[in-house]
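Student: Here's a sequence, model it:
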Amino acid sequence: MEEYAGGIQITFFKSYKVGEKVGEKVGEKVGENLSENHLKIVQCMIENSHISIKKMAIKVGIAEKNIEQNIKALKKMGV
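Tutor: The predicted structure follows:
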């Protein structure tokens, strides 16, 4: 909290536990045949929860439509 002329400013920091939860889910699902691309996609999402499909496709090395299909499959598996 900082005081300024006529008021105060308070900064709130958001706690992100998404990575932990996703990591646990992935750990549970590894035995359910997650492909290498599935794992790369999940890792991209953990590193940057706002990553675009386009950027993810470049990082993973597959087409955008394949990223979308893989994400759909991950959702279906509950990851």
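Student: Looking at this structure, which helix is longest?
Tutor: As assigned by DSSP state H, the longest helix anywhere in the chain is helix 64-77.
Student: What residues sit buried inside it?
Tutor: I67, N70, I71, L74 (16 or more other Cβ atoms under 10 Å). From N, CA and C alone the C-beta is placed, and that goes for glycine too.
Student: where along the protein do the strands fall?
Tutor: Counting by DSSP state E, residue ranges of the strands within the chain are 2-4, 7-9.
Student: Please verify my assumption that V79 contacts I41.
Tutor: No. Look at V79 against I41 with Cβ atoms under 8 Å: they stay out of range, at 9.3 Å.
Student: where in this protein is pLDDT low?
Tutor: 1-32 (pLDDT under 70).
Student: how about 90 then?
Tutor: Confidence mapping of the chain against pLDDT under 90 gives the ranges 1-36, 39, 42, 46-47, 49, 74-79.
Student: Which stretches in it count as helices?
Tutor: Under DSSP H, the chain gives helices at 18-29, 36-47, 53-60, 64-77.
Student: more crowded one of V79 and I41?
Tutor: I41 (26 against 20; other Cβ atoms under 10 Å).
Student: Contacts only, for I41.
Tutor: M56, V60, I67, N70, I71, L74 (Cβ atoms under 8 Å, 6 or more residues apart in numbering).
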